[in-house]
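In: Return a 3D structure for these sequence lines:
(one chain, ligands or ions: 2)
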Amino acid sequence: MNKYVVVLAAGKGTRMKSKFYKVLHKVCGKTMVEHVVAAAKATQPAKIVTIVGSGAEDVKEVLAGQSEFAFQKEQLGTADAVQTAGQALADLDGDTLVVTGDTPLFTGETFNHLFAYHAEKGNAATVLTAEAPNPFGYGRIIRDEQGNVLRIVEEKDAKPEEKKIKEINTGVFVFNNKLLFEALKHVNNDNAQGEYYLTDVLEILREEGQRVGAYKMPDFSESLGVNDRIALAKATKIMQRRINEEHMRNGVSFIDPDTAYIDSDVKIGNDTVIEGGVVIKGKTVIGKNCLITTGSRIEDSQLGDHVTVTSSTLQEAEMDDNTDIGPNSHLRPKAVIRKGAHVGNFVEIKKAEIGENTKVGHLTYIGDATLGKDVNVGCGVIFSNYDGVKKFHSYVGDKAFVGAGATIINPINVADHSFIAADSTITKDVKRYEMAIARGRQVNKEDYWHKLPLAQDKDWQ
Ligand code: UD1
Ligand code: CA
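Out: Ligands and ions are numbered 1, 2, ... in the order given. A predicted model of the protein is given here:
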């Protein structure tokens, strides 16, 4: 049986109070509509059609290559929205999953269960329902005495008795595709909101003698719809727990999973320990046996095995096996830390490679530079890479020694096995085995004390 998916995403989402289109708000680093499409993909559909409206171009960009699109000119209701997918789907044999783009927590597993239940019962339509602790705002499922589903009543159309019903429409359905598009023709807007309700399709099909049913999911929270920032934070919290539990199942330790914020696509190897108050974002990959301590923020970075990040910030950086950084250091884009290298505290590195076993211990800025193996960079070294207009790149060879407080005025070549004396300002290349020293000579003046103004003060005599 062919499967198709329709994602409803034409709503503006005014309650978000945002210049961004609602379904493009992110939950754990991924837009809501991407979460929905990812879950839908798990059902292996032959086609996914996303209904877009205002802000359509932005949604298309985010889902490029993952979905087809249909354009709904005016928001006349969910039935009208689905109907716009008719051109792409109406003639096809199979079953169609309809899901809203603002429900980021649904899993592919739930959609698969819904498809399976629908097929097993031989239904023409199956609605995914849940028992809501507070059903206000949702469509309610009306059943007869035998428990058969009769129809769905929207909050605004519900009688007081119906409002007491706790079983709600999650907004997700599976339909026999052809019957769906036939039935949509008969939906009217004769209701409290003057909208074309998709929910009416259930009753239309039932009256035509088709089988209509409901699949009740056990976990209501999975169906959470995001209409405002409060729900967005709730969804993020639930997703965060889900992500962290998945990592725990895979052998990652969390000291406090409630405060570890890890984006959906982050990968972490087993026996890695994540402390509380850690943020790991984007396409970050972390290897095995690493330690990420409190206050670290890692974005789009690649970490090997046995890496320690102590309260540091990494952006688009790379750390090979057996490296460490921090506390309070900053790897900026294109910082690459090779095997065994050590980056200590208060070090900033940008567009620079730190070679194998090289040490950059303290209070240093390395921008636009390539450092070889076994280099020692003393405390307070600066690679001065910018003349106010252009950036320049320096090279430091293997086993070079850069003394504390040195300033390298890029571009400079410092050869392997060379030595830069502490506090030197280096403006010329340094050759192999040379020692470069460039600093004012010290002058000691004898018997100067008594000439000093302070010596006139009796406390200093
Ligand atoms: C809808 C259901 C309700 C269900 C609830 C679950 C209907 C009539 N009601 O109500 O039974 O309990 O979802 O969350 O279906 N959309 C369009 N075009 C439109 C209208 C809506 O694309 O013309 C999209 C919206 O972007 C949104 C989704 O459809 O993603 C749902 O629309 P919304 O207005 O939020 O419906 P609810 O009132 O939440
Ligand atoms: Ca909604």
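In: max-length helix in the chain?
Out: What stands out as the longest helix in the chain, according to DSSP state H, is helix 229-249.
In: Can you classify Pro45 by secondary structure?
Out: Secondary structure state of Pro45, per DSSP: H, G, I helix; E, B strand; the rest coil, is coil.
In: Residues in contact with the longest helix of the chain: which ones?
Out: Counting contacts by C-beta atoms under 8 Å, 6 or more residues apart in numbering, the residues outside helix 229-249 that touch it are 16-17, 25, 27-28, 32, 35, 104-105, 221, 224-226, 254, 257-258, 260-264, 266, 268, 274. No exception for glycine: its C-beta is placed from N, CA and C like everyone else's.
In: now Asn270, nearest residue through space, not along the chain?
Out: Gly251 (3.0 Å; C-beta to C-beta, 6 or more residues apart in numbering).
In: same check, this time on Asn169
Out: Nearest non-adjacent residue to Asn169 (C-beta to C-beta, 6+ apart): Gly139, at 3.8 Å.
In: just to revisit the earlier point, tell me the secondary structure of the residue nearest to Asn270, please.
Out: Gly251 falls in the coil class when you classify it by three-state DSSP.
In: same check, this time on Thr110
Out: In three-state terms, and counting by three-state DSSP, Thr110 is helix.
In: May I have the predicted confidence score for it?
Out: With respect to pLDDT, Thr110 has a value of 97.
In: you'd agree it is up against Thr129?
Out: No. Between Thr110 and Thr129 no contact is recorded; they are 11.7 Å apart, counting by C-beta atoms under 8 Å.
In: more neighbours, the two?
Out: Using other C-beta atoms under 10 Å, the more surrounded residue of Thr110 and Thr129 is Thr129, with 26 against 22.
In: After the helix or strand the more buried one falls within, heading C-terminal, what element do we hit next?
Out: Secondary structure assigned from DSSP states H and E places Thr129 in strand 125-131. Proceeding N to C from strand 125-131, the next assigned helix or strand is strand 140-143, under DSSP H and E.
In: contacts for that next one?
Out: Applying C-beta under 8 Å, 6+ apart, the set of residues contacting strand 140-143 from outside is 127, 129, 149-153, 155, 158, 162-163, 165, 167-169, 214.
In: buried set for stretch 125-136?
Out: When neighbours are counted by 16 or more other C-beta atoms under 10 Å, the buried residues of stretch 125-136 are found to be 125-130, 132, 135.
In: same question, stretch 200-218
Out: Under the neighbour-count criterion of 16+ other C-beta under 10 Å, stretch 200-218 has 200-206, 210-215, 217 buried.
In: ok now it, how far from the chain's centre?
Out: A distance of 37 Å separates the C-alpha centroid of stretch 200-218 from that of its chain, computed with C-alpha atoms, centre = their mean, to the nearest Å.
In: Walk me through the domains of this structure.
Out: For the chain, the domain assignment from automatic domain parsing gives the residue ranges 3-223, 250-311, 325-461.
In: Alongside ligand 1, which residues does the chain contribute?
Out: Taking C-beta under 6 Å from any ligand atom as the contact definition, the chain meets ligand 1 at 8-11, 51, 72, 75-78, 80-81, 100-102, 138-139, 152, 154, 168-171, 197-199, 225.
In: Next step: the residues you listed restricted to helices.
Out: When helices are assigned by DSSP H, the members of those inside them are 78, 80-81.
In: that older thread, and the contacts of helix 229-249, which of them are buried?
Out: The neighbour-count test (16+ other C-beta under 10 Å) applied to the contacts of helix 229-249 identifies 16, 25, 27-28, 32, 35, 104-105, 224-226, 254, 257, 260-264, 266, 268, 274 as buried.
In: Just the element for Gly361, please.
Out: When elements are assigned from DSSP H and E, Gly361 belongs to strand 359-371.
In: tell me how far the next helix or strand after that strand is from the chain's mean position?
Out: Secondary structure here is assigned by DSSP H and E; on that basis, the next helix or strand after strand 359-371 toward the C-terminus is strand 376-377. Counting by C-alpha atoms, centre = their mean, strand 376-377 is centred 36 Å from the centre of its parent chain.
In: packing partners for strand 376-377?
Out: The criterion is 3 or more C-beta pairs under 8 Å, 6 or more residues apart in numbering; DSSP states H and E, and the helices and strands that strand 376-377 contacts are strand 359-371, strand 401-402.
In: what's it in contact with?
Out: In this structure, residues lying in contact with strand 376-377 by C-beta under 8 Å, 6+ apart are 358-361, 364, 366, 371, 400-402.
In: Drop anything exposed from these.
Out: 358-361, 364, 366, 371, 400-402.
In: Dump the residues you listed into CSV; add pLDDT and distance to Cys379 as well.
Out: Below are the buried ones among the contacts of strand 376-377 laid out as CSV (pLDDT from 0 to 100; distance: C-beta to C-beta, whole Å):
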residue, pLDDT, distance to Cys379
Thr358, 98, 15
Lys359, 98, 11
Val360, 98, 10
Gly361, 97, 6
Thr364, 98, 7
Ile366, 98, 13
Leu371, 98, 16
Ala400, 98, 16
Phe401, 98, 13
Val402, 98, 10
